[in-house]
Structures are given as structure tokens and as C-alpha cells.
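Peer 1: fold the following, please.
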Amino acid sequence: MNMQYPLVSIQIPTYNQKEFIKDALDSALAQNYEHLQIVVCDDCSPDYDIFEYLKDYVGHPKIEIHRNEKNLGRVGNYHHCLYDLVKGDWFVNLDGDDYFTNRNFVKTAIQSILSTKERVSVFQGGAFVHRIKDNNIPNQLINGSIYLINGIDYIKHFHHNLGFTHASIFYNVKDAKSKDFYNINALDIDYYSYLKILPVSSILFWGEKVYHWRQHDEQETHTLNFDACVVKYDELQDIENHYKLLPISIKAKMLKQTRVDITIQLYRTFFNEKFSFNRLLFVLRKTKANKNYIIPLLSLIKRKLI
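Peer 2: Next up, the predicted model:
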């Protein structure tokens, strides 16, 4: 490993994504950064042999191809990639059905990280950087187009969301592991892992789009149900444990905003499925019958019944 330019790992977890995986792999190879480890980890796809399908890539010095002996599930595969296969100092997760669109992404991220003396654990591309100035979020301009923001300052202004997409974010591997990334089997674990790392570092934001999120019917994003939403409250408790050192007022504000986001998703799935009085009681209990949550809920019930 070059001491100046660290090894970067691009982990590509995949399951039954035969028609997409080569696009993801080619976009990773197209990055104009030399010190790359590209890890493809197939989660025991039943419809094809990943080694046979990617035979043209086998033996490439930057590429490692793995197949799990049994299906670990989406989050389990994320966890396996990061904790067992990734060798780099920094990593980015690129799902097997997505692909990078900016070949300078990795190089720009590393050069920006190395150019600042601040402790940086996260580099985020595709950010809504105009909101930084619009909302007076304290920042430092780096390299003319990249903004450095202290993680605590970002939490203070969390309601001015700067955007989040999994494959647009670089993480420091050591810091990610110390914050127990991908530890709960939930749909949004990528987002909540991101939130856990904010209090301990600064973040670099870049406004350039860096990848394409391919949407299709087989994604878990499009198969969300009520039970999957319930797990989000476990994520919230996990986040709270990592926010113990924050000032009480900041922690309360952050957790309140996150709870609102979770509850809105619960409302939506609640009314997309069969009405259940027990589920209604669950929502009321989890929101602690707070008027900030109950009023929107009653409004939804009214529209549903009329």
C-alpha cells in the first residue's frame, strides 16, 4: 500500500443481479485511482454461478470474487463484506444493481481527505451543497467546491438534510467498525450507520453526482412492510447509544427528527396494509402518544375512513 494514497475498498454485495452486476464492476474498474480493492460478494444466488458469469474478471489484480456458502441476507452480506473481506483504509458500498457515473469519485475523495488536517471519517458525493450556505451551516471550503463540516454542526442542522445515498459515501474503515456498522437487519441500516459516525468526526461534502441508483421491482426498497418498519425503532435505540456524549439539547433534537421520519414511514405502511387495531396501538405506544405524531396519524385515519 502506498503511504500517501491509501488503499480504498469498493465492496459490491450482490444477489440475483446477473443483468446488472457487470455494470457495477466496470464502473468500479473505471475509477482513475490506482490503489483499489474491488470485492464482489455474491450472497448464494440460486440462478447462476457468479464465478462462471464473471470469468472474464477472475484473476484481475484489483478484483476479488466471493460467494457465500449460505444466504446471509442483504445486511448480513454488507456486514460480511466490511468485516471479513475489506482490506482498505477507506471503503464505499456499491450495490450490485447500481453503478458509478463519475470516474473521479475515488480520487477526489482521497485527495480531499488528505488535504485537510481535520479528522474526517466521511466523504459524501452528490450532496445538496447549496443548503449549506442557504442555512448558514458552519463550514470550511476545500478545493473550491468541497465543503468541510464538523459532525456535531451537521447534527445541529439535521433538519436541513444534505441528502443521503449509500454508494455516494466514503467511510473510514476503522471508524465504521468502531461504530458497529450494519449491526441490525433493517432496510435503512446504511442510513443509520451513517448517523452513528457523525458525532466523532468531520464530513466532506461534494455536490457532484457520483453514481446511479437503479430502481426496479426486486429491490427491498419496494417491498417494505409494516414489520420491517418496526425494526427502525431498534435502530433508533442503537443510534441513541452512540449519541451519549452529545449535549442533551442537540441529542434530543436529532432523535426527535429521526423519530418523526421513522413514524411517517410507519404511517405509510400502516395504511398500505390491512388495518389492525393492534398495529395502531403499537404506533401509539412507540410515539408515546405525542401530539406531534398523533395529529398526522388522526388525519391519515380520517382520510382512510372517508
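
Peer 1: wait, residue 48 sits on residue 17?
Peer 2: No - if you go by Cβ atoms under 8 Å, residue 48 and residue 17 don't touch, sitting 10.0 Å apart. No exception for glycine: its C-beta is placed from N, CA and C like everyone else's.

Peer 1: and the two? Which one has more around it.
Peer 2: Taking other Cβ atoms under 10 Å, residue 48 and residue 17 do not tie; residue 17 has more neighbours (24 against 14).

Peer 1: give me the mean pLDDT for stretch 121-140.
Peer 2: Confidence for stretch 121-140, expressed as mean pLDDT, is 88.

Peer 1: would you mark the buried spots in that stretch?
Peer 2: With burial defined by 16 or more other Cβ atoms under 10 Å, the residues of stretch 121-140 counted as buried are 121-127, 129, 132, 137, 139.

Peer 1: so what touches stretch 94-108?
Peer 2: Applying Cβ atoms under 8 Å, 6 or more residues apart in numbering, the external contacts of stretch 94-108 come out as 8, 10-15, 17, 20-21, 23-24, 26-28, 30-33, 36, 40, 92, 125, 146, 166-168, 170, 206, 208-214, 216, 219.

Peer 1: likewise for stretch 64-74?
Peer 2: For stretch 64-74, the external contacting residues (Cβ under 8 Å, 6+ apart) are 13, 15, 37-45, 50-51, 54, 57-58, 77, 79-80, 85, 185, 220.

Peer 1: in ChimeraX, how would I select the buried members of those?
Peer 2: Selection of the buried residues among these in ChimeraX, burial being defined by 16+ other Cβ under 10 Å:
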select :13,15,37,38,39,40,41,42,43,45,50,54,57,77,79,80,85,185
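
Peer 1: for the stretch 51-200 of the chain, which spans come out with low pLDDT?
Peer 2: Across the stretch 51-200 of the chain, the ranges flagged by pLDDT under 70 are 158-161.

Peer 1: quick one: the strands in it, in order.
Peer 2: Listed from the start of the chain, the stretch 51-200 of the chain has strands (DSSP state E, counting those that start in this stretch) covering 63-67, 90-93, 99-100, 120-124, 140-142, 146-150, 169-172.

Peer 1: quick one: residue 120 and residue 196, what's the gap?
Peer 2: Relative to residue 196, residue 120 is positioned 16 Å away (criterion: Cβ to Cβ, to the nearest Å).

Peer 1: ok, residue 140 next?
Peer 2: 23 Å.

Peer 1: mind checking how far the residue lying closest to residue 152 once chain neighbours are set aside is from residue 189?
Peer 2: Spatial nearest neighbour of residue 152, excluding adjacent residues (Cβ to Cβ, 6 or more residues apart in numbering): residue 199 at 6.3 Å. According to Cβ to Cβ, residue 199 and residue 189 sit 18 Å apart.

Peer 1: and residue 81, by the same measure?
Peer 2: Using Cβ to Cβ, one obtains 13 Å as the distance from residue 81 to residue 189.

Peer 1: same check, this time on residue 202
Peer 2: Distance from residue 202 to residue 189, by Cβ to Cβ: 23 Å.

Peer 1: again, but for residue 197
Peer 2: Spatial separation of residue 197 from residue 189 under the definition Cβ to Cβ is 13 Å.

Peer 1: then residue 20?
Peer 2: Between residue 20 and residue 189 the computed distance is 21 Å (Cβ to Cβ).

Peer 1: so which of the two has more stuff around it?
Peer 2: residue 189 (22 against 17).

Peer 1: that one: what's it in contact with?
Peer 2: Counting by Cβ under 8 Å, 6+ apart, the residues that residue 189 touches are 75, 78, 182-183, 235.

Peer 1: could you measure it against residue 103, distance?
Peer 2: Relative to residue 103, residue 189 is positioned 28 Å away (criterion: Cβ to Cβ).

Peer 1: and what of residue 145?
Peer 2: Between residue 145 and residue 103 the computed distance is 17 Å (Cβ to Cβ).

Peer 1: tell me who's in contact with the nearest residue to residue 166 once chain neighbours are set aside.
Peer 2: Setting aside the residues directly before and after it, residue 166 is nearest to residue 190 in space (Cβ to Cβ, 6+ apart), at 4.4 Å. For residue 190, the contacting residues are 78, 93, 166, 182, by Cβ under 8 Å, 6+ apart.
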